Structure formats: C-alpha cells, structure tokens
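In: below: sequence and its predicted model.
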Amino acid sequence: MRSIGINTWVWQSPLRDETAPAMLDHVASLGFDLVELPLEQEGDLTAAATAPLLQAHGLAASVVGAMGPGRALVATDDETVSATQRYLRACIDFAADIGAPSVCGPFTAETGRTWRMDARERAAVIHELRERLAPVLEHAAERGVSIGIEPLNRYETSIITTVEQALDALEPLLGEHLGLALDTYHLGIEERSSADAIRAAGDALAHVQVCGNDRGAPGGDQTDWPGIRDALDEVGYRGPLVIESFTAENASIAVAASIWRPLAATQDDLARDGLAFLRELERT
C-alpha cells in the first residue's frame with residue numbers, strides 16, 4: 001500500500017520553525033504517514049529544527065516549492081532567473097538535509113502568470129526552461145534529490161498544463177533526478193482522462209498530490225479514483241499520495257489558490273475524511 005501524506009497548506013501558510021512543532025504533532029496525531037512541507041521562503045524552515053520533529057513523530061517528508069511573485073525561470077530578466085535558481089537550490093538542500101527524496105512544484109514561472117504564445121515563442125520559452133533548469137538539476141544530483149515539475153491548469157499557467165506538454169518540454173532532462181509531479185486537481189481540468197495521463201507519464205512520474213475535484217477531500221467527488229489507482233499500479237508508482245488542499249481562513253493562500261469558501265466543516269474533517277478514503281482505496 002502506498003503511504004498517505006498531507007500538505008500543511010491545508011491548515012496554514014507559511015509554515016515556519018516556530019509553528020512546525022505543533023503542526024507536525026497534529027499531522028502525526030491524525031494518522032498520516034508523511035507530511036508535505038512547503039518552503040515558501042528560504043529560512044522559513046530549517047533542517048536543524050525540522051529533522052528531529054520528523055524523527056520524533058515517525059513521519060516521512062516531501063518538500064514543495066512555491067512559485068510566488070518574482071520567481072520565474074523563463075520569460076524574465078537574468079536577476080529573477082538567478083534568484084529563482086538560488087531559491088530552488090535552497091529547497092533542494094532543505095529536502096536533502098531532512099531526508100526528503102524530492103522537491104516538487106510548478107518550477108517554470110510565477111503561478112497565475114499567463115500569456116498567449118505562438119509556436120516560435122513557445123519553442124523559445126521551452127529552450128529557456130531547459131537551459132535554466134539544468135544547473136538546478138546538477139545541484140539536485142549532487143544532493144541526491146529528485147525534482148518533480150508540476151503541470152498546472154490553464155488559469156494558473158500557459159507554459160505546461162498537460163502531461164504531454166511536460167514530457168515534450170522536459171524530455172532531454174528527464175531521468176533519475178527529474179520527473180513529473182502530478183496533481184489530480186489539475187489533471188481533472190486539463191486531461192481528457194486522468195488515468196491515461198498517468199499512464200503517459202509512466203516511469204517519469206515522481207510524485208502524486210490528490211484532492212477532490214472541488215479542491216476538497218478526495219472521495220465522494222466526481223473523480224474516477226479507482227481508475228487513478230489502477231493507472232498508478234500499472235506504471236509502478238509506489239510513492240506517496242499526498243492530500244493538497246488549502247484553507248479559506250488564510251488571506252494570502254485563499255487568494256493564491258482561489259479558495260473562496262470552506263471545503264469542509266473544518267480543515268481537520270477534510271484531513272480525516274481524505275485519509276480514511278485513501279486508506280480504503282489502497283486496500284481495495
């Protein structure tokens with residue numbers, strides 16, 4: 001059975017050293033196997049503070065990055081590219097130092113930035129992405145961490161929205177230290193079949209995030225969960241299933257993720273219901 005994790009964005013943003021003890025204690029008390037840690041700014045979380053907490057609670061970890069304002073590897077100035085590369089290296093170092101195998105996220109441009117591109121412009125953007133991601137991958141290889149690039153839906157990016165686009169854009173770089181991070185929410189918007197998209201990703205699949213089609217708890221929604229589970233089995237994905245949802249109570253994250261209403265009676269209910277559903281899905 002795959003392990004089940006949850007992203008701390010379900011409850012708060014940002015997560016910092018001073019709030020991590022209570023948060024990781026809570027995640028462990030709910031019965032999760034893994035906690036997904038967003039490193040929104042370098043220094044928010046440190047390995048010195050986080051690693052002992054993970055060990056004390058018996059939690060595995062994964063790390064995600066946030067492509068907020070001022071972060072981009074493409075269609076921007078050299079200073080922004082350099083700053084973004086430094087940030088991604090910091091995410092990699094944090095992951096390596098806490099024993100997390102991967103750093104995942106939409107590491108192309110600022111989330112929410114969209115623009116029209118003709119074929120020539122798209123080719124230029126993809127060339128930039130490959131060129132500017134390459135040194136980050138070198139650092140990931142040195143630290144023994146893999147990077148998962150996440151396709152986003154059309155309202156959050158115009159660069160990589162589907163598995164097909166991701167495979168085409170990243171093909172020269174795909175391998176042990178670069179793969180795809182797939183989120184069922186984005187798959188449900190952009191793919192004709194989420195299961196077929198997972199099959200297309202194949203052994204390039206590095207990480208999987210899950211939630212209901214409304215961004216709430218997985219289960220009881222329109223998503224074909226048995227089909228997704230079967231496709232994950234077919235491609236041999238044995239990594240975690242990580243619930244990623246967000247709270248409407250945090251102003252910055254609610255606006256960034258377009259969470260305009262509560263997605264459950266409480267965020268703990270969302271976590272418990274999602275965990276129970278995924279446990280049962282993995283058993284059947």
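Out: Everything's here; your move. Numbers count the residues shown, from 1 in each chain.
In: all contacts plus neighbour counts: C-alpha atoms, from now on.
Out: Noted.
In: what distance do you get for the residue lying closest to Glu156 once chain neighbours are set aside to Gly68?
Out: Take Glu156 and drop its neighbours on the chain: the residue closest to it by C-alpha to C-alpha, 6 or more residues apart in numbering is Gly112, 4.0 Å away. According to C-alpha to C-alpha, to the nearest Å, Gly112 stands 9 Å off from Gly68.
In: and the residue nearest to Glu156, how many neighbours?
Out: When counting by other C-alpha atoms under 10 Å, one arrives at 18 neighbours for Gly112.
In: and for Pro240?
Out: Using other C-alpha under 10 Å: Pro240 sits among 22 other residues.
In: my guess is it meets Asn7, correct?
Out: No - with contact defined as C-alpha atoms under 8 Å, Pro240 does not count as touching Asn7 (11.7 Å).
In: and the next element down the chain from the host helix or strand of Pro38?
Out: Using DSSP states H and E, Pro38 falls within strand 34-39. Of the helices and strands lying after strand 34-39 in sequence (DSSP H and E), the nearest is helix 47-57.
In: give me the angle between the helix or strand following that next one and strand 34-39.
Out: Using DSSP H and E, the helix or strand that directly follows helix 47-57 along the chain is strand 60-65. Angle, strand 60-65 to strand 34-39, by axes from the mean of the first three to the mean of the last three C-alpha atoms, to 10 degrees: 30 degrees.
In: how far off centre is strand 60-65?
Out: 8 Å (C-alpha atoms, centre = their mean, to the nearest Å).
In: each with direction, which strands does it pair with?
Out: Strands that pair with strand 60-65, judged by DSSP bridges, come out as strand 34-39 (parallel), strand 102-105 (parallel).
In: list the buried residues for the first one?
Out: I take that to be strand 34-39. Using 16 or more other C-alpha atoms under 10 Å as the test for burial, strand 34-39 gives 34-39.
In: Leu129: which element?
Out: Secondary structure (DSSP H and E) places Leu129 in helix 119-143.
In: output the contacting helices and strands for that helix.
Out: For helix 119-143, the packing partners by 3 or more C-alpha pairs under 8 Å, 6 or more residues apart in numbering; DSSP states H and E come out as helix 78-98, strand 146-149, helix 163-170.
In: what is the mean pLDDT for the shortest one?
Out: It stands for strand 146-149. Mean pLDDT, strand 146-149: 98.
In: what does that strand contact?
Out: 101-107, 137, 140, 166, 176-181, 206-207 (C-alpha atoms under 8 Å, 6 or more residues apart in numbering).
In: buried only: go through those for me.
Out: Neighbour-count burial (16+ other C-alpha under 10 Å) applied to those gives 101-107, 137, 140, 166, 177-181, 206-207.
In: could you check how far the residue of the chain most remote from its centre is from Asp77?
Out: When distances to the mean C-alpha position of the chain are computed (C-alpha atoms, centre = their mean), the maximum falls on Arg120, with 29.1 Å. As defined by C-alpha to C-alpha, Arg120 lies at a distance of 19 Å from Asp77.
In: now swap in Gly43 and tell me
Out: Taken as C-alpha to C-alpha, the span from Gly43 to Asp77 is 24 Å.
In: more neighbours: those two, which one.
Out: For Gly43 versus Asp77, neighbours defined as other C-alpha under 10 Å are more numerous around Gly43 (13 against 10).
In: does His139 really touch Leu88, like I thought?
Out: No - between His139 and Leu88 there is no contact under C-alpha under 8 Å: 9.4 Å.
In: more neighbours: which of the two?
Out: Just comparing His139 and Leu88: by other C-alpha under 10 Å the higher neighbour count belongs to Leu88, 28 against 17.
In: circling back to that earlier point, make a markdown table out of the buried residues of strand 34-39 and add distance to Ser245 and pLDDT.
Out: Shown next, in a markdown table, are those (distance: C-alpha to C-alpha, whole Å; pLDDT from 0 to 100):
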| residue | distance to Ser245 | pLDDT |
| --- | --- | --- |
| Leu34 | 15 | 98 |
| Val35 | 13 | 98 |
| Glu36 | 11 | 98 |
| Leu37 | 13 | 98 |
| Pro38 | 12 | 98 |
| Leu39 | 16 | 98 |
